[in-house]
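[1] My questions concern the predicted model and sequence given below.
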Amino acid sequence: MNPSGEPPRARHLEHVAIEVAEIAATFVRDRAGHAEAAATKSSPTDVVTHTDIASERLIRSELLRRCPGSSIVGEEFDDADGANNVGWVIDPIDGTVNYLYDLPVVSISIAGTIDGVVVAGAVADVHGAETFSASAGEGARQSRTPIAPATPTGLDQALIATGFAYDADLRAEQARTVSALLPACRDIRCMGSAALNLCWVACGRLDGYYERDLKLYDYAAGALVAAEAGAIVEPPSADNHDLTFAASPGIAAPLRPLIG
């Protein structure tokens, strides 16, 4: 809360998210190359490292130090109810499998909420040393410089990214979608960080991204960044079979039906 008793503004939460995400990114980057699996979750491929746990503990501490009384939803610990209407949705390492294999596509994702609505977010690229951020109604930024999606001339010139679920049956269905989409676009990438994929649509490095079976902490900050940048964004719901979708406005319409 600010001194007047008013709720923090979205831009303030964006600044807090940036600061804490960059602290966590440094922490995670300093431990890269030494990751050890601590456990698996939904399947043997759904791994968590000791650094995931330590990163989330650090992020929670830093957020509560800056915004006492906040609620927190995270990947590795139970939800924490706060005393005010400010909340945070955090992914302490988005791209854990990449991190385990020392692949450099790893991010920290922090979204800020007011009354349960995402109004701010930051995604720090652990190895790329850049941070994407946004606040509701204020646009999106890449290391504090305004960004916008690319303008491909057509789907056949579009670079699309996706990701795969941990469930084997759902993966088989996702493979069929890739088979239908690949002939229609320039190419497809699977890079292992939902948050970064959404931000790369926002800044034009990708023309589109889709993935099913994501959790709120995977997409909360990145989806806001993409939407505020001007991308067409569709969050997961029961109506769209749990699909997260983001694309440049110029290719969203022809791309969406191919995904189903």
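    In hand now; what should we look at?
[2] nearest spatial neighbour of residue 85, skipping sequence neighbours?
    residue 115 (4.9 Å; C-beta to C-beta, 6 or more residues apart in numbering). In short, each C-beta sits where N, CA and C put it, glycine included.
[3] Check that neighbour and give its pLDDT.
    Here, the pLDDT recorded for residue 115 equals 96.
[4] what do you get for residue 225?
    pLDDT, residue 225: 98.
[5] Does it touch residue 196 like I think?
    No - with contact defined as C-beta atoms under 8 Å, residue 225 does not reach residue 196; the gap is 10.1 Å.
[6] list the residues that contact both of those two?
    residue 123 (C-beta atoms under 8 Å, 6 or more residues apart in numbering).
[7] Which one of the two is surrounded by more residues?
    Using other C-beta atoms under 10 Å as the criterion, residue 225 and residue 196 rank with residue 225 on top: 33 against 28.
[8] Work out for me the element that one sits within.
    Assessed by DSSP states H and E, residue 225 sits inside helix 216-229.
[9] And residue 244, by the same measure?
    strand 243-247.
[10] One more: residue 252?
    Since the elements are taken from DSSP H and E, residue 252 ends up inside helix 249-259.
[11] Alpha carbons of that helix, as PDB, please.
    Provided in PDB are the C-alpha atoms of helix 249-259 (Å, rounded to 0.1, in the frame of the first residue of the first chain):
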ATOM      1  CA  PRO A 249      -2.200  -9.600 -35.600                       C
ATOM      2  CA  GLY A 250      -1.400 -10.300 -39.200                       C
ATOM      3  CA  ILE A 251      -1.300 -14.000 -38.900                       C
ATOM      4  CA  ALA A 252      -3.500 -14.800 -35.900                       C
ATOM      5  CA  ALA A 253      -6.600 -15.500 -38.000                       C
ATOM      6  CA  PRO A 254      -5.100 -18.100 -40.400                       C
ATOM      7  CA  LEU A 255      -2.900 -19.700 -37.600                       C
ATOM      8  CA  ARG A 256      -5.600 -20.300 -35.000                       C
ATOM      9  CA  PRO A 257      -7.800 -22.800 -36.900                       C
ATOM     10  CA  LEU A 258      -4.700 -25.000 -37.700                       C
ATOM     11  CA  ILE A 259      -4.200 -25.500 -33.900                       C
END
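[12] Relative to residue 90, how far out is the residue lying closest to residue 165 once chain neighbours are set aside?
    Nearest residue to residue 165 in three dimensions, chain neighbours excluded: residue 213, at 4.0 Å (C-beta to C-beta, 6+ apart). From residue 213 across to residue 90, the span is 19 Å (C-beta to C-beta, to the nearest Å).
[13] So the two - more neighbours on which side?
    residue 90 (28 against 19).
[14] so the more buried one sits in a helix?
    No - read with DSSP: H, G, I helix; E, B strand; the rest coil, residue 90 is strand and lies in no helix.
[15] What are the buried residues along the longest helix anywhere in the chain?
    The residue-count maximum for a helix in the chain (DSSP state H) belongs to helix 10-30. By neighbour count with 16 or more other C-beta atoms under 10 Å, helix 10-30 contains the buried residues 10-25, 27-29.
[16] same check, this time on stretch 165-184
    Buried, per 16+ other C-beta under 10 Å, within stretch 165-184: 165-167, 174, 181.
[17] Check stretch 226-242 too.
    226-236.
[18] Ok, stretch 201-216 next?
    201-214.
[19] picking up where we left off before, avg pLDDT for the helix holding residue 252?
    97.
[20] mind checking which helix or strand of this structure has the lowest mean pLDDT?
    strand 37-40 (a mean of 77; mean pLDDT, DSSP states H and E).
[21] can you list contacts of that one?
    46-50, 52-53, 100.
[22] Near residue 146, how many residues? Count them for me, please.
    12.
[23] Test my guess that it contacts residue 133.
    No - with contact defined as C-beta under 8 Å, residue 146 does not count as touching residue 133 (10.8 Å).
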